[in-house]
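[1] Quick one: sequence plus predicted model below, questions after.
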Amino acid sequence: MPRFVIPTGFKATGALTQGAAPALALENPAGHVLSVHPVTEGIVRVTHELPKDKYPQKRNGESAVAWEEPLAGVTVSETQEHGASYSVETSNVRIDVILEPNASPRLAWYAKVGDTYELTPFFRDSQTRAYTFDAATGAVMHYVERELFLPVSEDEDTVTAYGQPFLHDKKNEFVYGFGESRGSLEKSGKKFTMGGRDALAYDWEEGDPIYKYCPYYCVYNKKTQKWFGLYYNTVADAKFDTGSEHDVLWGCFRSYHANAGPLDYYVLLGDGTLPSIVKAYASLVSPTPAKETGLDFAPSPTLPPLSQFGYLSCSLSLGSLPNAQEAVIEFLHRCRKEGFPIDGLFLSSGWCQNDKSGDRNYFAWNLSRYPKPYDFGTTIEGELHIQTMMNVKPWFLDAHPFMPAAAKANSFVRAAPDATLKSPEGAAKTWLWSSGFACHKLGSYFDFSSQGGSEFWKTCIKEQLIANGCTGVWNDNNEMAGMLDDAERFAGEVPMWQAKGEAGNVEKRLGWNGGEITCGAVGKAIQTMGMARASYEAIMESRPNNRPVVVSRSGVPGVQAYAHSSWSGDNSTTWKALKWGTKMTLSVGMSFGAGLYGHDVGGFAGSHHPSAELLVRWVQNGAWHTRLTENSWKEIATTLWMYNDVPGVSQILRDSLGFRYLLAPSFYSLYITDYYRNAAPVIKPLLWFHSVDPVTLTLDEEMVFGSHVLVAPVTEKGARTRQIYLPAIANDGSTDIEWCELDTGVWHQGGGVVELDAPLSRTPALVRSGGILVLGGVCTRNIFDGITERTAHIFPSPTKASEGTFTLIEDDGKSNDHTSKKVYTEIELAFKSADATTVEVSYAVVHGKYKLPYDTIFWALPEGDQRKVVGGHACDVAEVTRDGRRRFAMKVKH
C-alpha cells in the first residue's frame, strides 16, 4: 500500500562553498537530500536522495550519487529575491530554490539573455509536492509545471486538414521524446511506461509498454522558440505522465514516478536548439572517446560495417525448415538471381530449436537442420559475402544441454533470499518463452554483471557462432520481462556500461559501484545493457580488426555504444503499422536512439501476407530508413519476389531496392557526420530544421533525409497522390524556400501544401534548394558493388543565388581503422550559383588517409536544368553524357 509523503524542512547542509560537488545540497531532518549541480554550461543535474538506511538506492557505497567534476564559475548564494531561498547561477541559467512551509522544495529555471535573466521561468517544479516519495516502498516522484490545459477555443480538439493544425497564441508547449513509444511524434497528454515487454503485434497508438526504455523527453516553446530537455538517470521501472492526468487540486503538471531512488535527473539546456539538446543527452550516455580519436563525442567506440546499410533479410519459418541449412543458402542465391542485392541475413531461432520439445536452446545447434555449422557460416560470410546475425536470447531453459555448465559457473541472476523457486546453486527460476505463442517453461536469466555469466556468454558466442563463421549477434527478447521479483540479485562483479578498454563515464553515472544489489534497486533493464556489452566484447576479442555487428531489440540509454542497430520489434502486417512506423522512427531519432533503425518490412505478425500494394509501399518507405530488413513470422516467408505473377510489382520492388543501394554513400556519410559526430539522426522530422514554422510541429508522416531531402511515403491503401506541406522558412533564417521534385526537376515554392502524383512506382521526394544528394554505383550482389562511382546531384535555386555543401566520407567499410587510426577520407562537396545561367562546383579534401576507389566525381543538375556548370577553386569539370544524361566530370586528387 503506497504512502505518498511530501518531504519538507530543507536547509543547506553547511556553509555555501563555491566549486563544490554538488554545488548546492539541502537536507531535511528525516535525512532527505536535494542537490543541484551544474555539470556543463548546458547540463545541470538535480537529485533527491532518500535516507539510505531505510530505502534501496541504485548505487552501493556511502553516496547514492557519483558526482561529476564541478563546473567553474558557478555562483551559489542565499537570496530573498523572487521568493527564493537559494540561487545557483551559471553563465546562462539561474536556478532558484524556493522553500515554503510544509511544502517540498521547488526549483525555477530562468534563461539568461544578454546580461539579464528572463522574467518568466522556462521550466519550474510544481507547487507543494514536487519531490514526493513513497514512504512504503522508496519510490520517487517528480512533478513539474506544464502549460494550462484548459481549452482556448471550440476548435481545439477538432480534426483539421493536412497542413492546418490547430494553433493558438495560448498553446505554446510541445513535448517530444521517449524514444520508441506509442502514438504520434508530439507526446503531450499521454502516459508512458518504462519497462519493456515482448510486445508482439502491439497497438501503435495505445500499446504501452513496448520494447525499449527511454527516460528522456524535450519541450519546445512555440512563443520563445527555445528547447530544453529532461533525462532521468535510471533504468528502474518507471512511468511518465505528460498531461493525461488532470487534477484541479494540483493544477497543471507532468509527472515522473520511479520504483526506486534516488530521483536523479538532468536538465538539458544546450544552446536552446533541438540539436544541442539531443547532443547534450547523448553525451551523458555515450562513452567518452579516446583522446587519439580527436573527437569530443562519439556514440560508440566503433562504426557499423558498410554492409549494415544494405538489404538485410530474415524469416522465422525459413530457418526452421527440416533442411534449413540448404534452404537458407538457396534463398540467398535466389535473392540475387531475382535481381535483389543482399548484404545480411538474420537467422531466427530455428537454428537452435530442439526437434522434439520445440524449445529454443540458444548456442546449441540443431544438427539435423544444420548438419555442418562451419560450412554454413563460411559459405554465407566467406563465399557469398553476406553478414550473418544469429538470434540469441538472454536465458537458458532448464532442459538446455549447457545448463549444468552454466549453473556451475554462477552465470545466472540470483534468487531472492526467501524465494521458493530456485536452483540448487541459488539461481532464480522464472517463466521464459520456449517455443511458440504463449508457450513458456522454467529457466534462468543470465546475470551479465557476474563474472561467470558474462564470460560463459562470451564463450558461447566465440565457440558456437564465431568459430563457425557466423560473426554477428542478434540480441533478441532482451527486455527481461520475465524478471518479476525485484528482490532477485545481481552480482555486480563486472561493469554493465563499460566494455573492456573503454571509458567508464557512463558506468559511473548509471552503474551501481559494484557489489551485489537487488533487481528492483537498479532495474531489470540494466541487464539489456550488460547483454549488449558482453556480446560486443566477445566479437571484439575474437575479431579486433573487424567492425562488430550487434543488433538489439530492446534498448536502454547507452546501448548504442555496443549495439549499432535496432528495430521496432514484432510489428503487424497492416497498413496502420506502415503509417505509424514513420512516426516512431522520428521519435527514436529525436531521442538519440540507435543510429541504424527501421521496421520489419511487410510486417512480422499475422498469418496473412502483405498485399502487393502494401509490400511495395513498405519497401519504398524502408528504402529511406537507415536499417532495411524484411522479416515475417508466417508459414511461408514474405519475400521480395513473392508477386512475380503480378505484372510490374517485382520490377517496382527491384527499382526501390536498387535506389536504396544508390543512396549508400549518402547514408554512410550522414551516419558519420550527423549521428556519429553530432548525435543527430539521419532521418529527421521537418521540425528539426523548420520548428519556426508551427505547422511542422505536428507533422510526423514525412521525413527529412539528412538536411535537405524531404520524403513523403505513401501509407494509405489505394492512394495514388500524396499531399505534402513545404515550409517556406527555416531555423537557420532562410526564407522563401524552394523545393524541387527529386525525380522530375519540377520546382515548388514553400509555404503551403502541394499534391503530387504517387503511382505505385513512386514515393514523392523533394529537395530543398541548396541540397546535395550523393549517389553511388549500381549494386547487383551487395553494397560494395557501388563503391567505385559517385554522382553528386545538386539543387541550386532556379530563381536566385544559392549555395550548398555536403560532406562525403569514404573508408574501407569493414575494419576499425577509421576509428582507431583515422584512416578515412573526407571530401567537402560544394556548389554556388550567382544567377540563373551558371553553377560553380568544387571539392576540397579535408582529410585524406584512405585511398579512394575512384578518381572522378560526377555532378548532375535537376532533370531539365540546362544551366552551365563550371569548376571552382581550381577544379576543372568536363561535360559528359552518361546513360543518356548530361553530367559533369571532375577529377579528384588527394
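    Good, I have the coordinates.
[2] residue contacts, residue 122?
    By C-beta atoms under 8 Å, 6 or more residues apart in numbering, the residues touching residue 122 are 109-111, 221, 224, 226, 228. In short, each C-beta sits where N, CA and C put it, glycine included.
[3] Please repeat the previous calculation with a cut-off of 6 Å.
    For residue 122, the contacting residues are 109, 111, by C-beta atoms under 6 Å, 6 or more residues apart in numbering.
[4] Can you get me a residue count around residue 367?
    11 (other C-beta atoms under 10 Å).
[5] quick one: secondary structure of it?
    Following DSSP: H, G, I helix; E, B strand; the rest coil, we place residue 367 in the coil state.
[6] Now do the same for it: its pLDDT.
    At residue 367, the pLDDT value in this model is 98.
[7] I'd like to know how far the spatially closest residue to residue 814 that is not a sequence neighbour sits from residue 469.
    Counting by C-beta to C-beta, 6 or more residues apart in numbering, residue 305 is the residue found nearest to residue 814 once chain neighbours are left out, at 5.7 Å. Remark: distance between residue 305 and residue 469 (C-beta to C-beta, to the nearest Å) = 16 Å.
[8] The two: who's more crowded?
    The neighbour count for residue 305 versus residue 469, taken as other C-beta under 10 Å, is higher for residue 305 (23 against 18).
[9] Contacts only, for that one.
    So residue 305 contacts 547, 813-814 (C-beta under 6 Å, 6+ apart).
[10] need the strands for the stretch 601-750 of the chain, in chain order.
    Applying DSSP state E, counting those that start in this stretch to the stretch 601-750 of the chain gives strands spanning 628-630, 683-684, 703-705, 709-711, 721-726, 738-741, 747-749.
[11] where in the stretch 401-550 of the chain is pLDDT low?
    Along the stretch 401-550 of the chain, no part satisfies pLDDT under 70.
[12] those strands in it, which residues are they?
    Going by DSSP E, counting those that start in this stretch, the stretch 401-550 of the chain shows strands at 430-433, 440-445, 472-475, 489-490, 517-518, 550-552.
[13] again with the stretch 251-400 of the chain
    Assigned by DSSP E, counting those that start in this stretch, the stretch 251-400 of the chain shows strands spanning 253-258, 263-268, 311-314, 344-347, 387-392, 395-397.
[14] out of those, nearest to residue 89?
    Nearest to residue 89 among those is strand 263-268 (14.2 Å), distances taken as C-beta to C-beta.
[15] just checking, what packs against that closest one?
    Packing contacts for strand 263-268, counted by 3 or more C-beta pairs under 6 Å, 6 or more residues apart in numbering; DSSP states H and E, involve strand 43-49, strand 226-232, helix 274-284.
[16] and if we set it to 10 Å?
    strand 33-40, strand 43-49, strand 140-145, strand 216-221, strand 226-232, strand 253-258, helix 274-284, helix 505-510 (3 or more C-beta pairs under 10 Å, 6 or more residues apart in numbering; DSSP states H and E).
[17] If you count neighbours, what's buried in stretch 651-660?
    By 16 or more other C-beta atoms under 10 Å, the buried positions in stretch 651-660 come out as 652-660.
[18] Please give the number of neighbouring residues around the closest residue to residue 683 other than its chain neighbours.
    In space, and not counting its chain neighbours, residue 683 is closest to residue 703: 4.9 Å by C-beta to C-beta, 6+ apart. Using other C-beta under 10 Å, residue 703 has 27 other residues around it.
[19] is it true that residue 703 touches residue 685?
    Yes: the criterion here is C-beta atoms under 10 Å, and residue 703 meets it with residue 685 at 6.9 Å.
[20] what residue is smack in the middle of the chain?
    Nearest to the mean C-alpha position of the chain, by C-alpha atoms, centre = their mean, lies residue 593 at 1.2 Å.
[21] who's in contact with the nearest residue to it once chain neighbours are set aside?
    Nearest residue to residue 593, sequence neighbours excluded (C-beta to C-beta, 6+ apart): residue 179, at 5.2 Å. Contacts for residue 179 (C-beta atoms under 10 Å, 6 or more residues apart in numbering) come out as 192, 194, 210-217, 555-557, 566, 584, 587-594.
[22] taking those one by one, which sit in helices?
    Per DSSP state H, helices hold the following members of the contacts of residue 179: 584, 587-590.
[23] Going by distance to residue 49, which of these wins?
    Nearest to residue 49, judged by C-beta to C-beta, of the ones in helices among the contacts of residue 179 is residue 590 at 30.5 Å.
[24] How many neighbouring residues does the closest one have?
    Neighbours around residue 590, by other C-beta under 10 Å: 26.
[25] check contacts around the residue nearest to it when sequence neighbours are not counted.
    Spatial nearest neighbour of residue 590, chain neighbours left out: residue 176 (5.2 Å); criterion: C-beta to C-beta, 6+ apart. Residue 176 sits next to 184-188, 216-220, 227, 229, 242, 274, 277, 586-587, 590-591, 685, 687, 697, 700 when contact means C-beta under 10 Å, 6+ apart.
[26] For the residue nearest to residue 683, which residues are in contact?
    Counting by C-beta under 10 Å, 6+ apart, residue 703 has contacts 582-583, 585-586, 589, 621, 624-625, 681-686, 688, 709-713, 765.
[27] what do you get for residue 186?
    Residues near residue 186 by C-beta under 10 Å, 6+ apart: 165, 174-176, 220, 242, 583, 587, 685, 687, 697-700.
[28] cool, residue 261 as well?
    The contact partners of residue 261, by C-beta under 10 Å, 6+ apart, come to 32, 47-52, 55-58, 64, 133-134, 137-141, 234, 236, 521.
[29] Please apply the same query to residue 393.
    Applying C-beta under 10 Å, 6+ apart, the residues contacting residue 393 are 198, 349, 352, 360, 362, 432-433, 443, 445-446, 474-478, 531, 553.
[30] So among those, which ones count as buried?
    198, 349, 352, 360, 362, 432-433, 443, 445-446, 474-478, 531, 553.
[31] would residue 597 count as being in a helix?
    No: the assignment for residue 597, made by three-state DSSP, is strand rather than a helix.
[32] What is the neighbour count of it?
    23.
[33] That one against residue 625, yeah?
    Yes: contact criterion C-beta under 10 Å: residue 597 and residue 625 qualify, at 6.7 Å.
[34] quick one: common contacting residues for the two?
    Joint contacts of residue 597 and residue 625 (C-beta under 10 Å, 6+ apart) are 567, 585, 682-683.
[35] Not counting its neighbours along the chain, what's nearest residue 685?
    residue 586 (4.4 Å).
[36] likewise residue 224?
    Closest residue to residue 224 apart from its sequence neighbours, by C-beta to C-beta, 6+ apart: residue 122 at 7.0 Å.
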